[in-house]
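Asker: Let me see the structure of the following:
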Amino acid sequence: QPTRSYYSSSSATTPMATESQRQAIRISNLRTQLVQQQSRRIPTEDTEFELATLLLLTQRKEDTLEAARLLRHVLATQRGKYERDCLYFLAQAHYALAEYQKALDFISRLLQREPDNHQAIELRRRILDQRQTGQWSYSHLLPNDMTRLNQGL
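Answerer: Numbers count the residues shown, from 1 in each chain. Predicted coordinates:
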């Protein structure tokens, strides 16, 4: 497989795109792909799931809201394929939005299915802690939470 280059074809001196720039390009491409799939009535769940996980990484409120909407749609239409991941990421999204009860509802659903899921247990503990203190920022997500988002959990 050929190696991808992030250099502009017009100039070999253009620096490589930063990770956030590559992420923004991928998000834009996925949004375009989603619109095209919807116009052709092609199932969109795979694209929606990938887009949602990338949107969560931006740590912007409007992107987190969009990610939650997309994940709810995927959960409603593809229960078996993405259910576990959607429940976890929906809990993370609502946690990020300081919607602790919604976050607890989603993480509880995951823990009913997988009571020994250590990631879900840890996220539940953090949700409960933050719900009590009322202080939250994206820095409360553990670094490996962001890694899991990058890797699709």
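Asker: what packs against the helix ranked longest in the chain?
Answerer: Longest helix in the chain by number of residues (criterion: DSSP state H): helix 19-39. Other helices and strands packing on helix 19-39, by 3 or more Cβ pairs under 8 Å, 6 or more residues apart in numbering; DSSP states H and E, are helix 45-58. Every residue, glycine included, has its C-beta placed from N, CA and C.
Asker: immediately after the helix it packs on, which helix or strand?
Answerer: Proceeding N to C from helix 45-58, the next assigned helix or strand is helix 61-77, under DSSP states H and E.
Asker: and that next one, average pLDDT?
Answerer: Averaged across helix 61-77, the pLDDT comes to 96.
Asker: List the buried residues for the longest helix of the chain?
Answerer: By 16 or more other Cβ atoms under 10 Å, the buried positions in helix 19-39 come out as 23, 27, 30, 33-34, 37.
Asker: Just want the most central residue of this structure.
Answerer: residue 53 (2.3 Å; Cα atoms, centre = their mean).
Asker: shaky segments in the protein?
Answerer: The model of the chain has pLDDT under 70 over residues 1-16, 79, 134-153.
Asker: Go ahead and confirm residue 124 touches residue 105.
Answerer: No - shown here, residue 124 and residue 105 do not form a contact pair, counting by Cβ atoms under 8 Å, at 11.0 Å.
Asker: Comparing these two, which residue is more hemmed in?
Answerer: For residue 124 versus residue 105, neighbours defined as other Cβ atoms under 10 Å are more numerous around residue 124 (20 against 14).
Asker: circling back to that earlier point, any chance of the buried residues of helix 19-39 in a markdown table, plus distance to residue 73?
Answerer: Conversion of the buried residues of helix 19-39 to a markdown table gives the following (distance: Cβ to Cβ, whole Å):
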| residue | distance to residue 73 |
| --- | --- |
| 23 | 22 |
| 27 | 17 |
| 30 | 14 |
| 33 | 15 |
| 34 | 11 |
| 37 | 13 |
